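K.L.:
just a sequence and a predicted model for now, questions to come.
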Amino acid sequence: MMSAGTVVLVGCGQMGSAMLRGWLKSGAASRFVVVEPAGAPEVLAPSPRVDAHRTASELSDALAPDAVVFAVKPQVINDIVPAYRRFVRPQTVFMSIAAGTTIAGLAKHLGDAAIVRVMPNTPAAIGRAISVACANPGVTGAQRQLCDALLAAIGESTWVEDEGLLDAVTAVSGSGPAYVFLLIETLAEAGVKAGLPPDLALRLARATVAGSGELARVSHESPGRLRENVTSPGGTTRAALDVLMAEDGLAALMTRAIAAATARSRALAS
């Protein structure tokens, strides 16, 4: 993985902090400039490689970052991005993780800049995100490699060439952790209704979902094959799957849910 000279991180909330921790650990850059109105989070130990500022106006015009990363909420990004147009140059890539903010929307403020739009997800907090990136034509191969190095700090990453796919990506992986947490909740609640003590039901649900997810991640077998490995003809798993795999079961419900989230992502795009 390549490393950068200077990276500007705009926003140091939950996702920004997760990225910065990973960058410091991996040596993704020699210097980090953080712009966060609340100041650098206390959970981050002071580092000589990190310069913290509260506003963009505090940054020197002479600053020539290799990357500017916007890790702010979509509601405020249009107010924040214009202040960084002065750093546009061929060598600088601008990366945004603001959900729903399109490359064209960013270009309105940045002009002729190399722009990468990224959809990560919340497992970034433990270095287990899956991020999907899309670049405009101004992004060079070297800048893609730099973005890969920055995203590697929070987990896996991959690229799509069609920005329109990011709406479905948002629906599947961006919002996906919420679906998994709901599964844990409902699995535990069903266990309680079946007679388990609440604490035990929650422990079983959490461990089962976490362990099964890890098995699916590391196994060379498909999820379908893994499911079949657990299922004996006429057994307890089969009885449950007959309900979950009914015509109006989980597959139909998930298809509707992803379609709804995808449509909402398109509607929110700016």
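P.N.:
Yep, that arrived. Residues are numbered from 1 along each chain as shown.
K.L.:
show the average pLDDT along stretch 239-247.
P.N.:
Stretch 239-247 comes out with an average pLDDT of 97.
K.L.:
quick check: buried residues in it?
P.N.:
Across stretch 239-247, burial judged by 16 or more other CB atoms under 10 Å covers L241. C-betas here are computed from N, CA, C, even on glycine.
K.L.:
which residues in the stretch 151-270 of the chain form strands?
P.N.:
Under the criterion DSSP state E, counting those that start in this stretch, the stretch 151-270 of the chain contains strands at 155-159.
K.L.:
could you list the low-pLDDT ranges of it?
P.N.:
Regions of the stretch 151-270 of the chain meeting the criterion pLDDT under 70 are absent.
K.L.:
what segments of it are helices?
P.N.:
For the stretch 151-270 of the chain, the helices defined by DSSP state H, counting those that start in this stretch cover 166-169, 176-193, 198-218, 223-230, 236-244, 250-268.
K.L.:
centre of the chain to the fourth one, how far?
P.N.:
The chain centre lies 28 Å from the centre of helix 223-230; the measure is CA atoms, centre = their mean, to the nearest Å.
K.L.:
could you check the angle helix 198-218 makes with it?
P.N.:
Counting by axes from the mean of the first three to the mean of the last three CA atoms, to 10 degrees, helix 223-230 lies at 130 degrees to helix 198-218.
K.L.:
other residues contacting helix 223-230?
P.N.:
With contact meaning CB atoms under 8 Å, 6 or more residues apart in numbering, helix 223-230 is reached by S212, L215, A216, S219, E221, T237, L241.
K.L.:
among these, the buried ones, what's the ChimeraX command?
P.N.:
The buried residues among those can be selected in ChimeraX (16+ other CB under 10 Å) with this line:
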select :241
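K.L.:
could the contacts of helix 223-230 go into TSV alongside distance to A4?
P.N.:
Shown next, in TSV, are those (distance: CB to CB, whole Å):
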residue	distance to A4
S212	37
L215	36
A216	34
S219	35
E221	38
T237	49
L241	49
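K.L.:
and of the helices of the stretch 151-270 of the chain, who's closest to E58?
P.N.:
Closest approach to E58 among these (CB to CB): helix 250-268, 31.3 Å.
K.L.:
secondary structure class for the spatially closest residue to T158 that is not a sequence neighbour?
P.N.:
Nearest residue to T158, sequence neighbours excluded (CB to CB, 6 or more residues apart in numbering): V132, at 5.7 Å. Classification of V132 by DSSP: H, G, I helix; E, B strand; the rest coil places it in strand.
K.L.:
that older thread, most packed of the helices of the stretch 151-270 of the chain?
P.N.:
Of all the helices of the stretch 151-270 of the chain, helix 166-169 carries the top mean neighbour count, a mean of 22, counting by mean count of other CB atoms under 10 Å.
K.L.:
who touches that one?
P.N.:
R117, M119, V132, C134, V160, I258, T262, S265, R266, A269.
K.L.:
let me see the contact set for the second one.
P.N.:
In this case it means M119. Taking CB under 8 Å, 6+ apart, one finds I97, A99, S131, V132, A133, L166, V169, T170, S173, G174 in contact with M119.
K.L.:
residue contacts, the closest residue to the first one other than its chain neighbours?
P.N.:
Among residues not flanking I97 along the chain, V118 sits closest, at 4.9 Å (CB to CB, 6+ apart). Counting by CB under 8 Å, 6+ apart, V118 makes contact with M95, S96, I97, S131, V132, A133, C134, C147, L151, S157.
K.L.:
same question, T122
P.N.:
Q14, M15, A129, P177.
K.L.:
what about L165, neighbour count?
P.N.:
Other residues near L165 come to 14 when the count uses other CB atoms under 10 Å.
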